[in-house]
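> sequence and predicted structure are below.
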Amino acid sequence: MKQYIQQNRERFFEELFSLLRIPSISAKPEHKPDMYRCAERLAQLLREAGADEASVRETAGNPVVFGSKDIGAEKTVLVYGHYDVQPPEPLEKWRTDPFEPVIAKDPQTGEEAIYCRGANDDKGQLFMHLKAFEFLCRTGALKHNVKFIFEGEEEVGSPSLPAWVQANKDLLKADVILVSDTTMISDKVPSINCGMRGLAYLEVKVTGPNKDLHSGHYGGAVANPINVLCAMIASLHDADGRVTVPGFYDDVVELSASDRALLNKAPFDLEEYKAFLDIKEVKGEKGYTTLERTAIRPCLDVCGIWGGYTGVGAKTVLPSVAHAKVSMRLVPNQRSAKITQLFREHFLRIAPPYVKVEVTPCEGGDGFLIPISSPAYQAASRAMKEVYGTEPVPARGGGSIAILADMQKILGIDPLLMGFGLERDTIHSPNESYLLRQLYAGMESIALFYRYW
């Protein structure tokens with residue numbers, strides 16, 4: 001595979017860049033035409049790589065790309081990925097155009113990386129599967145049937161995909177769901193995610209007076225919705241960093257001391273972590289390490305808050321309305337629908353009488369775990385050990401891919417998360433990038449997975 005990559009390196013870049021240039025932002029309705037453009041381009045690349053068929057299929061939302069190659073083998077791999085990306089804002093923080101990919105050196109290490117929105121999440125990682133598949137097809141090394149499902153709504157919670165998967169169960173029959181949409185613990189030791197957290201995401205709205213008010217005439221006499229909202233949000237954690245929503249921890253499974261010790265054997269340098277983020281100290285739930293807080297513990301965070309005047313200069317008004325977006329990452333056994341309802345009931349209950357409060361669910365999904373003893377996991381471990389020279393560590397991802405828990409339930413097969421991203425890639429943030437060496441290592445590892453499984 002190394003030689004194949006070198007021989008086709010420039011073509012690979014041209015093809016990947018053709019995907020990255022398409023602003024397939026699922027959160028913005030005005031980009032609907034771009035979703036179709038990206039889907040059509042992916043279907044074309046699948047056919048060119050060797051798929052027997054590849055087509056763009058309608059869902060209730062953005063289209064799905066489905067492709068397949070049937071060689072009459074006993075086992076079938078279902079490759080999942082997503083072609084939608086996060087909005088690029090704030091644009092002023094980007095060093096380059098977010099939708100014009102460039103290869104540049106990492107400012108810290110000097111290593112070459114692709115800079116662009118979607119370079120890692122998930123177009124770059126999805127692309128590794130296309131090229132590993134192409135290599136296996138063109139060298140006659142493919143020994144499994146392969147199916148592909150690439151969706152365009154992962155970044156908004158995959159609202160349309162569960163119904164589409166349910167309606168196409170027979171079409172999607174397989175033995176494993178192969179995914180590259182996650183990060184490794186560090187660039188020193190590879191890892192394979194054996195679980196992901198779930199998500200419950202909501203928007204809250206606090207309304208006070210029926211219009212903005214002069215802060216001199218009304219200040220101190222009428223409730224300010226921003227002040228009230230901040231106080232309500234502050235009450236959602238206690239002094240030990242635990243979420244105060246009643247029932248929030250009821251279904252959380254406490255790991256044994258031995259399991260926690262095993263998790264903390266993973267290589268992790270706290271000082272390096274803090275230096276990378278430019279913070280003096282970490283903060284989280286008391287009694288747990290940083291690795292545990294982002295893997296086996298749930299959390300609640302405000303991802304956005306706004307209200308009132310935020311422009312240049314002063315505008316002395318008390319705002320009528322304040323808003324916030326709240327994200328809760330959940331661990332296996334917690335159910336997104338239940339946590340959403342518990343939060344809603346609690347937030348309405350703590351609302352003081354001088355404001356009106358609304359809670360609107362936005363997206364959500366459950367977490368999942370997979371066994372590390374499975375043949376698929378062992379094959380992935382062997383493949384990555386051969387590429388990286390060291391055995392990958394099993395880890396739990398702190399993020400969420402909500403649809404994978406749904407696919408696991410509907411199709412009755414486990415996902416296998418062979419992710420090659422690194423924290424330095426700053427996905428969802430300005431200057432997202434993907435190291436070339438990780439792009440190549442991913443292609444090599446995926447090709448070897450097919451050999452060893």
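That came in fine, so what should we check first? Residues are numbered from 1 along each chain as shown.
> what's the weakest-modelled helix or strand in this structure?
helix 257-263 (a mean of 81; mean pLDDT, DSSP states H and E).
> my guess is residue 83 contacts residue 153. True?
No - Residue 83 is beyond contact range of residue 153, at 9.8 Å (criterion: Cβ atoms under 8 Å). No exception for glycine: its C-beta is placed from N, CA and C like everyone else's.
> in three-state terms, how would residue 118 be classified?
Classification of residue 118 using DSSP: H, G, I helix; E, B strand; the rest coil returns coil.
> how about it: what's its closest non-neighbour residue?
Nearest residue to residue 118, sequence neighbours excluded (Cβ to Cβ, 6 or more residues apart in numbering): residue 85, at 4.2 Å.
> hey, what's that neighbour bridged with?
Legend: beta-bridge partners of residue 85 under DSSP bridges are residue 25.
> how far away is it from residue 291?
Remark: distance between residue 85 and residue 291 (Cβ to Cβ, to the nearest Å) = 28 Å.
> neighbour count: the two, which is higher?
More neighbours surround residue 85 than the other of residue 85 and residue 291, with 32 against 21 (other Cβ atoms under 10 Å).
> the more buried one and residue 345, how far apart?
Relative to residue 345, residue 85 is positioned 34 Å away (Cβ to Cβ).
> ok, now residue 391?
From residue 391 to residue 345 the distance is 46 Å (Cβ to Cβ).
> do I have it right that residue 47 meets residue 54?
Yes - if you go by Cβ under 8 Å, residue 47 and residue 54 touch, sitting 4.8 Å apart.
> shared neighbours of these two, anything?
Common contacts of residue 47 and residue 54 (Cβ atoms under 8 Å, 6 or more residues apart in numbering): residue 67.
> quick one: the strands in the stretch 251-400 of the chain, in order.
Assigned by DSSP state E, counting those that start in this stretch, the stretch 251-400 of the chain shows strands spanning 299-307, 317-318, 321-330, 356-365, 368-369, 393-397.
> for the closest residue to residue 374 other than its chain neighbours, which residues are in contact?
If the residues on either side of it in the chain are set aside, residue 374 comes closest to residue 414, at 6.7 Å by Cβ to Cβ, 6+ apart. If a contact means Cβ under 8 Å, 6+ apart, then residue 414 has 176, 177, 370, 371, 374, 376, 408 as its contacts.
> make it 7 Å
Neighbouring residues of residue 414 by Cβ atoms under 7 Å, 6 or more residues apart in numbering: 176, 177, 370, 374, 408.
> which strand or helix spans the second one?
Element membership for residue 177, per DSSP states H and E: strand 176-179.
> pLDDT of that strand, averaged?
When pLDDT is averaged along strand 176-179, the result is 97.
> packing partners for that strand?
strand 76-82, helix 402-411, strand 415-417 (3 or more Cβ pairs under 7 Å, 6 or more residues apart in numbering; DSSP states H and E).
> in a markdown table, list those along with mean pLDDT and mean neighbour count.
Formatted as a markdown table, the helices and strands packed on strand 176-179 follow (pLDDT from 0 to 100; neighbours: other Cβ atoms under 10 Å):
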| stretch | mean pLDDT | mean neighbour count |
| --- | --- | --- |
| strand 76-82 | 98 | 24 |
| helix 402-411 | 93 | 21 |
| strand 415-417 | 95 | 25 |
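> distance to residue 431 added to those, as a markdown table?
Below are the helices and strands packed on strand 176-179 laid out as a markdown table (distance: least, Cβ to Cβ, whole Å):
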| stretch | distance to residue 431 |
| --- | --- |
| strand 76-82 | 21 |
| helix 402-411 | 26 |
| strand 415-417 | 25 |
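> compare these and give me the one nearest residue 166.
Residue 166 sits nearest to helix 402-411 of all those, at 5.4 Å, using Cβ to Cβ.
> could you list every helix and strand in contact with that closest one?
For helix 402-411, the elements it packs on are helix 161-167, strand 176-179, strand 198-207, strand 356-365, strand 368-369, strand 415-417, judged by 3+ Cβ pairs under 7 Å, 6+ apart.
> show me what the shortest one is packed up against.
What that stands for is strand 368-369. Packed against strand 368-369, as judged by 3+ Cβ pairs under 7 Å, 6+ apart, are the following elements: strand 191-196, helix 402-411.
> what do you get for the first one?
Taking 3+ Cβ pairs under 7 Å, 6+ apart as the contact definition, the neighbouring helices and strands of helix 161-167 are helix 402-411.
> what comes into contact with the helix it packs on?
Contact with helix 402-411 is made by 154, 157-158, 161-162, 165-166, 169, 172, 177, 179, 196, 198-199, 364-368, 414-415, as judged by Cβ under 7 Å, 6+ apart.
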